[in-house]
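[1] using only what follows, build the 3D model:
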Amino acid sequence: MHVQIVLFDGFDLLDAIAPYEVFTSAALYTDKPISVAFVSAEGKRTIPSGDNQVVLQASAKLDINQKGIIVVPGASGTLDTTGTDSIPAKLQQATETDLPRLLEGAMENPDVVLATVCGGSLILAMAGLLEGRHAVTHHLGMKLLGATGAIPIHARVVADQNLITAGGVTSGLDLALYLVESELGPRIAHAVEQLFEYERRGTIWKAEGDTPIVQQQGDQSELPKETSSTQSGDGIDFQGLWDTTISTPVGKMNVLLDLKMENNRIVGTAKQGEEVVTLDNPVLDGDSLTWTMKVTKPIRLTLTFIVTVKGDKMRGIVKAGMLPSSKLVGKLVS
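    Below is the predicted model:
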């Protein structure tokens, strides 16, 4: 069993070290060969973690053709979600390296199990690699995970075929113990648990078996009411072509919005560069116009827009998961 633990600038120490210790300890209890290596997308180099710049040495470049397990940790940084030292900024920086391309190739290799700890799944998600896949991440990033098109599952470890994700910093222990059990059997995994004096937490979630019956709770009046997408008489005059700029924590987006009424319904498109997407579920409620849409730059996300219009000026906010709300300003051009 060969395990590659991927390092990148700002990685979380425990996300990487916990699986490393589990896998190397498993080697004490089996005659089967087990090798564990720290690797990077760039090759052999010293890599600073996000924990006070403590460094680890990557011994080689990530080899996606090597049969075995690849583990991607999350990032460590500030929780204010802004600035270069924030966790979203460090995850975004990782997506701007060659790492997403390599991980995409690993996901296509049937001989590779790709595993992530904590925010590691967000690196895949922000690169557009988890759309339609079941996954988990740190609880603070679950909304962002969903905004990328992944299917968030509130579980300690989620197994979706050859993709295994774990949520929370300490979940690296649970992830690695599950992989040891899968590869070497429960007795080896139990021996490591005894050595660490740690018992694996939680049920491994898989899209198998009976679907739980959801018990509806609370008064029906507490459920969100569907809002009509038609324009009310008191609503804002939003129709036209709008040149907008969105200032996000990971870069500015220039978006050309085309909004109009057709058959008493709001329709619209958004053009970013050469990409044109249709606005999803545009709704006018009083003086606020809301909709969602998918973007691929600067990262792949589903964004929620809330805007108001006054004359030829548009202002509003754009939301995406745990990322802070971004400011939108625009001007009517035709």
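[2] send the alpha carbons of stretch 41-51 over as PDB?
    The C-alpha trace of stretch 41-51 is given here as PDB (Å, rounded to 0.1, in the frame of the first residue of the first chain):
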ATOM      1  CA  ALA A  41       2.500  19.300  -7.200                       C
ATOM      2  CA  GLU A  42       5.900  20.900  -7.900                       C
ATOM      3  CA  GLY A  43       8.100  18.100  -6.700                       C
ATOM      4  CA  LYS A  44      10.800  18.000  -4.000                       C
ATOM      5  CA  ARG A  45      10.700  21.100  -1.900                       C
ATOM      6  CA  THR A  46      10.300  22.500   1.600                       C
ATOM      7  CA  ILE A  47       6.700  23.600   2.200                       C
ATOM      8  CA  PRO A  48       5.500  26.000   4.900                       C
ATOM      9  CA  SER A  49       2.400  25.000   6.700                       C
ATOM     10  CA  GLY A  50      -0.300  27.500   7.800                       C
ATOM     11  CA  ASP A  51       0.600  26.900  11.400                       C
END
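[3] adjust the sequence numbering to begin at 568 for everything that follows.
    Shifting the count to begin at 568 puts that one at stretch 608-618.
[4] relative to the whole chain's centre, how far out is it?
    Relative to its parent chain, stretch 608-618 has a centroid offset of 21 Å by Cα atoms, centre = their mean, to the nearest Å.
[5] for the protein, which spans come out with low pLDDT?
    Low-confidence segments of the chain (pLDDT under 70): 647-649, 782-802, 815-818, 864-865, 888-891.
[6] look up how far I731 lies from the most centrally placed residue in the chain.
    In the chain, the C-alpha nearest the mean C-alpha coordinate belongs to L689, at 2.7 Å (Cα atoms, centre = their mean). In this view, L689 and I731 are 15 Å apart by Cβ to Cβ, to the nearest Å. (Each C-beta comes from the backbone N, C-alpha and C, glycine too.)
[7] what's the answer for D678, then?
    Between D678 and I731 the distance is 15 Å, computed by Cβ to Cβ.
[8] quick one, which of the two is more surrounded?
    I731 (25 against 11; other Cβ atoms under 10 Å).
[9] that one should be in a helix, yeah?
    No. Counting by DSSP: H, G, I helix; E, B strand; the rest coil, I731 is located in no helix; its state is strand.
[10] look up how far A604 lies from the nearest residue to it once chain neighbours are set aside.
    Excluding the flanking residues, the one nearest I731 by Cβ to Cβ, 6 or more residues apart in numbering is A682, at 4.3 Å. Remark: distance between A682 and A604 (Cβ to Cβ) = 15 Å.
[11] also G577?
    To A604, G577 is 20 Å away according to Cβ to Cβ.
[12] how about K894, nearest residue that isn't a chain neighbour?
    If you skip the residues right next to it in sequence, K894 has S814 as its closest partner in space, 5.1 Å away by Cβ to Cβ, 6+ apart.
[13] three-state assignment of the one you found?
    Put simply, S814 is strand when judged by three-state DSSP.
[14] and if you look at M820?
    Following three-state DSSP, M820 is assigned to strand.
[15] that one contacts Q839, correct?
    Yes. Between M820 and Q839 a contact is recorded at 6.3 Å, counting by Cβ atoms under 8 Å.
[16] who has more neighbours, these two?
    The residue with more neighbours, out of M820 and Q839, is M820; 20 against 16, by other Cβ under 10 Å.
[17] distance-wise, check the more buried one relative to T645.
    Using Cβ to Cβ, we find M820 at a distance of 23 Å from T645.
[18] would you map the helices across the stretch 568-717 of the chain?
    Ranges of helices in the stretch 568-717 of the chain, per DSSP state H, counting those that start in this stretch, are 580-593, 654-662, 666-674, 687-693, 709-714.
[19] who has more neighbours, A682 and A604?
    Taking other Cβ under 10 Å, A682 and A604 do not tie; A682 has more neighbours (27 against 16).
[20] got the contact list for the more buried one?
    By Cβ atoms under 8 Å, 6 or more residues apart in numbering, the contact set of A682 is P586, I636, I637, V638, V639, L730, I731, T732, A733, L742, L746.
[21] between those residues, which is nearest V843?
    L730 (30.7 Å; Cβ to Cβ).
[22] how many residues are close by the residue nearest to that closest one when sequence neighbours are not counted?
    In space, and not counting its chain neighbours, L730 is closest to L681: 5.5 Å by Cβ to Cβ, 6+ apart. A total of 24 residues lie near L681 under the criterion other Cβ under 10 Å.
[23] cool, and Q659?
    By the criterion of other Cβ under 10 Å, Q659 has 21 neighbours.
[24] please report how far G878 lies from N821.
    Remark: distance between G878 and N821 (Cβ to Cβ) = 21 Å.
[25] what do you get for G807?
    With Cβ to Cβ as the criterion, G807 and N821 are 17 Å apart.
[26] between the two, who's got more neighbours?
    The neighbour count for G807 versus N821, taken as other Cβ under 10 Å, is higher for G807 (15 against 11).
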